[in-house]
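K.L.:
Could you work out the structure for the sequence below:
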Amino acid sequence: MLDRQKNIPPLRAVTMPERATSLKARESWHLLGIISEFVEATERLSEVRPAVSIFGSARLKEDSPVYQQAMRIARKLSDAGFAVISGGGPGVMEAANRGAFAGRSPSVGLNIELPFEQHGNEYQDIALRFRHFFARKVAFVKYAAAYVVMPGGFGTLDELFEALTLIQTRKGRRIPLILVGNGFWAGLLDWMRGTLVARGMIDAADLDLMKAVDDDDAVVDAIFDFYEARGFEQSASERELMLYL
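P.N.:
Residues are numbered from 1 along each chain as shown. A predicted model of the protein is given here:
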């Protein structure tokens, strides 16, 4: 072991006292802004249930088969009584909001401020705006009875693995995670099975947390099948769990 001492100065030794106070004040106001995002989401979404969060690429255009399928699925879910939650932006997010907007149930957009790519679509009955990804992610999970994951990029995968992690670690309640498009997701699922399961990094049963389908109706059926025996109402233990999400 090296016999040496580190000189780690405190904050007030690094900067002028006035500067340190200014930084702390700015951080405090920042925290209030974060709290306000959670409060608004709770006030606007707590009674919008049951709901399904739909994810997918922001880069797909209206003529894309994935866009068209997302719109059809969202319409079916909306007419079946589910509010539909998307990221509020273009691509699959727009398709999800558009399908739900034409249906019987609310179309919800959880918009995020980004330097590029994101802009709000016009098909939102309820539109929230977030500056922080983590506050937005909590809203996606907390108010969703299911996740429908269309083909997408990093953001889509991020949301999928966030939900998988919460469910696997039992920090979040079990909900259906439905992957739409067997051809798109097969490679990822094969890699999980051949690498993660084979090396003991996850259990084989963890793959059962996801269900891959191709058919539009199969999405709605999978959600109803999951809740058929237990109903959509959260149990007392689930409500407690989601409180500390």
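K.L.:
what's near enough to touch the residue nearest in space to the middle of the chain?
P.N.:
Nearest residue to the geometric centre of the chain (Cα atoms, centre = their mean): residue 140, 4.0 Å. Contacts for residue 140 (Cβ atoms under 8 Å, 6 or more residues apart in numbering) come out as 53, 85, 110, 159. (Glycine included, C-beta is placed from N, CA and C.)
K.L.:
Tell me the most packed of these, by neighbour count.
P.N.:
residue 85 (29 neighbours; other Cβ atoms under 10 Å).
K.L.:
Using CSV, write out every CA atom in the strand or helix carrying that one.
P.N.:
Under the criterion of DSSP states H and E, residue 85 resides in strand 83-86. In CSV, the C-alpha atoms belonging to strand 83-86 read as follows (Å, rounded to 0.1, in the frame of the first residue of the first chain):
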residue,chain,number,x,y,z
ALA,A,83,-55.2,5.3,-22.4
VAL,A,84,-52.1,5.3,-24.6
ILE,A,85,-48.9,7.0,-23.4
SER,A,86,-46.0,7.8,-25.8
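K.L.:
after that strand comes which helix or strand?
P.N.:
Sequence-wise, the next helix or strand downstream of strand 83-86 (DSSP H and E) is helix 92-101.
K.L.:
Tell me which other helices or strands that following helix touches.
P.N.:
strand 51-55, helix 65-79, strand 83-86, strand 107-112 (3 or more Cβ pairs under 8 Å, 6 or more residues apart in numbering; DSSP states H and E).
K.L.:
Mind putting the ones you listed into a markdown table with mean pLDDT?
P.N.:
Below are these laid out as a markdown table (pLDDT from 0 to 100):
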| stretch | mean pLDDT |
| --- | --- |
| strand 51-55 | 96 |
| helix 65-79 | 98 |
| strand 83-86 | 96 |
| strand 107-112 | 92 |
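K.L.:
rewinding a little: okay, buried residues for the strand holding residue 85 please.
P.N.:
83, 84, 85, 86 (16 or more other Cβ atoms under 10 Å).
K.L.:
do you know how far the residue nearest to the centre of the chain is from residue 88?
P.N.:
According to Cβ to Cβ, to the nearest Å, residue 140 stands 11 Å off from residue 88.
K.L.:
any shared contact partners between those two?
P.N.:
The contact lists of residue 140 and residue 88 share residue 110, where a contact means Cβ under 8 Å, 6+ apart.
K.L.:
Distance to residue 190 for the contacts of residue 140 - can I get that in TSV?
P.N.:
Shown next, in TSV, are the contacts of residue 140 (distance: Cβ to Cβ, whole Å):
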residue	distance to residue 190
53	25
85	30
110	31
159	21
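K.L.:
Closest one of those to residue 75?
P.N.:
Of all the contacts of residue 140, residue 75 sits closest to residue 85, with 14.7 Å by Cβ to Cβ.
K.L.:
partner residues bridging that closest one?
P.N.:
Here residue 85 sits in beta bridges with residue 53, residue 108, as judged by DSSP bridges.
K.L.:
was I right about it contacting residue 54?
P.N.:
Yes. Counting by Cβ atoms under 8 Å, residue 54 is a contact partner of residue 85 at 7.1 Å.
K.L.:
ok, back up a step: wait, which of the helices and strands packed on helix 92-101 is closest to residue 209?
P.N.:
Nearest to residue 209, of the helices and strands packed on helix 92-101 and by Cβ to Cβ, is strand 51-55 at 15.3 Å.
K.L.:
Residues contacting the closest one, please?
P.N.:
Strand 51-55 is contacted from outside by 45, 70, 73-74, 77, 82-87, 92-93, 96, 108, 140-141, 143-150, 152, 155-156, 159-160, 223, using Cβ under 8 Å, 6+ apart.
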